[in-house]
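Trainee: Turn this into a structure:
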Amino acid sequence: MKSEDLDRLAALIAAELDRLTSRPPTSGARAPWLRPPVRPEPPARGGEPAPWTGAAQTLGDIAPVRTPVPSDHRADPGAAAAAIRAAASGKAPPRGASGTRVHTGGRPAGRSRGTAVGREVTVGVSNRHLHLSPADARALFGPDGLQPQRPLTQPGQFAAVQRVTTTGPGGKIEGIRVVGPARDETQLELARSDAITLGVAPPVAGSGHLGQSVGRVTLEGTHGRVQLSRGVIIAARHLHLAPDDAARWGLADGDTVSIRCGQGPREVTWHGVRVRAGAAHATEFHLDGDEARAAGVETGAPATIVAVNHAGRGRRPLFTERDVIAAARRGEAIPPGALLTPSARDRAQALGLRVP
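Mentor: Numbering: from 1, shown residues only. This is a model prediction of the structure:
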């Protein structure tokens, strides 16, 4: 193709583009080939943000959560700008007409219904004690049974007048408190240091979970002795929760929480605290004597829930063979809905644990 042919083709292309443009050529000047971009009008300062900005959305609209929390994301633009300017100048945020702080976004101040994180509970130090079956109570103290001395925090329970002396392979502990009323099976709850004194190695287990408990201890009362072949445990730390509190905080029996207590260099966060909720419970966080001394707290001290793990809600827990062995040692069952690896399932069946 010759140069004059290229010039002729370029002229044809230019003519076609001139024909297609929306504005005809004026004053002999060629119209632009492409329409210039049009910028949208900015919203008025201090007014509501334009819908396309996304500023009118709540955080729950953007990132849904299992337990919705009210959001302050719809902050007034003018108030937000004033708060930012005040913060930049080193001044405190301005106060609203009601005297409260102006929140420009994020989680609102205070707690909403259904939120357990941030709730304060009271510590109850659960020292070593003994629950007796009716038969063992008669064998130790005669036909009169247990005599109440004072009621305990948990509904229906009492500290009995009677105490026992407990002897194990390694030593003896006198004056262990008996807690009534009688239960289906005798259960001796110790701290780790108590177990060392007696020369036994009980598992950490929830109350009533005696499948992996140990014996080899002798109980001595005013009327006789009882030799235990099982029933000795180290009680797992737990949170008793009254029904009203459980409903308000969005917790259920079997959930686990993390609780922080103590102050300064002794501050401790306890993980895996099992929730025990129902009509038979009053809200109180139970630690054994060793745990309380480690955190430097006593009965009545405050503690704060800092994390929650809902049982059976959200992701299903995965159990490996090591997890199954650890649960068996603690005397705990495999939680419903858990996913088991093939080796974990075989180990659970070998240990006699029910596989969900």
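Trainee: Show me the domain layout of this structure.
Mentor: Domain assignment for the chain by automatic domain parsing gives 126-235, 238-309, 318-350.
Trainee: distance between the last one and the chain's centre?
Mentor: So the one you mean is domain 318-350. Domain 318-350 sits 22 Å away from the centroid of its parent chain (C-alpha atoms, centre = their mean, to the nearest Å).
Trainee: Mind listing what's buried along it?
Mentor: 319, 321, 323-324, 327-328, 330-334, 338, 340, 344-345, 347-348 (16 or more other C-beta atoms under 10 Å). Just so you know, the C-beta spots here come from the backbone N, C-alpha and C atoms, and that holds for glycine as well.
Trainee: now do the same end-to-end measure for it.
Mentor: 19 Å (C-alpha to C-alpha, to the nearest Å).
Trainee: what's around residue 267, how many residues?
Mentor: When neighbours are defined as other C-beta atoms under 10 Å, residue 267 has 12 of them.
Trainee: just the one 5 residues further on next, same as before
Mentor: When neighbours are defined as other C-beta under 10 Å, residue 272 has 11 of them.
Trainee: Now do the residue nearest to residue 126 when sequence neighbours are not counted, the pLDDT please.
Mentor: Leaving aside its sequence neighbours, residue 126 sits nearest to residue 286 (C-beta to C-beta, 6 or more residues apart in numbering; 4.6 Å). Looking at residue 286, its pLDDT stands at 96.
Trainee: do the same with residue 123
Mentor: Residue 123 is given a pLDDT of 96.
Trainee: got the phi/psi numbers for it?
Mentor: phi -80, psi 140 (degrees, to the nearest 10).
Trainee: which residues does it bridge with?
Mentor: Bridge pairing for residue 123 (DSSP bridges) gives the partners residue 285.
Trainee: any idea how far it lies from residue 304?
Mentor: Remark: distance between residue 123 and residue 304 (C-beta to C-beta, to the nearest Å) = 11 Å.
Trainee: And residue 208, by the same measure?
Mentor: Distance from residue 208 to residue 304, by C-beta to C-beta: 28 Å.
Trainee: between these two, which one's more packed in?
Mentor: Legend: neighbour count by other C-beta under 10 Å for residue 208 and residue 304, higher for residue 304 (15 against 12).
Trainee: Within the helices and strands, which one has the more buried one?
Mentor: Using DSSP states H and E, residue 304 falls within strand 302-309.
Trainee: Could you list the paired strands of the following helix or strand past that strand along with their orientation?
Mentor: Next helix or strand after strand 302-309 toward the C-terminus (DSSP H and E): strand 318-319. Here strand 318-319 is paired, per DSSP bridges, with strand 339-340 (parallel).
Trainee: who touches the partner strand?
Mentor: Strand 339-340 has contacts (C-beta atoms under 8 Å, 6 or more residues apart in numbering) with 316, 317, 318, 319, 324, 334, 348, 355.
Trainee: if I read this right, the second one contacts residue 335, doesn't it?
Mentor: Yes. Counting by C-beta atoms under 8 Å, a contact exists between residue 317 and residue 335, whose distance comes to 6.3 Å.
Trainee: Return every residue with contacts to both of the two.
Mentor: What both residue 317 and residue 335 touch, as defined by C-beta under 8 Å, 6+ apart, is an empty set.
Trainee: before we move on, the earlier item: which neighbours do residue 123 and residue 304 share?
Mentor: Common neighbours of residue 123 and residue 304 (C-beta under 8 Å, 6+ apart) are residue 261.
Trainee: Run through the stretch 201-350 of the chain and note the low-pLDDT ranges.
Mentor: Scanning the stretch 201-350 of the chain for pLDDT under 70 picks out the ranges 312-316, 336.
Trainee: Which parts of it are helices?
Mentor: 243-249, 289-295, 321-330, 342-350 (DSSP state H, counting those that start in this stretch).
Trainee: Next: the stretch 51-200 of the chain.
Mentor: Under DSSP H, counting those that start in this stretch, the stretch 51-200 of the chain gives helices at 59-62, 77-88, 134-141, 192-198.
Trainee: quick one: contacts for the closest residue in space to residue 133 that isn't next to it in sequence?
Mentor: Spatial nearest neighbour of residue 133, chain neighbours left out: residue 186 (4.9 Å); criterion: C-beta to C-beta, 6+ apart. With contact taken as C-beta under 8 Å, 6+ apart, residue 186 is in contact with 130, 131, 132, 133, 136, 219, 226, 228, 231.
Trainee: and the fourth one, how many neighbours does it have?
Mentor: Other residues near residue 133 come to 16 when the count uses other C-beta under 10 Å.
Trainee: any idea how far residue 263 is from it?
Mentor: The gap separating residue 133 from residue 263 is 41 Å, by C-beta to C-beta.
Trainee: and if you look at the fifth one?
Mentor: Relative to residue 263, residue 136 is positioned 41 Å away (C-beta to C-beta).
Trainee: Show me which of the two is the more surrounded one.
Mentor: Under the criterion of other C-beta under 10 Å, the comparison of residue 136 against residue 263 puts residue 136 first, with 22 against 11.
Trainee: Local confidence estimate at the more buried one?
Mentor: 96.
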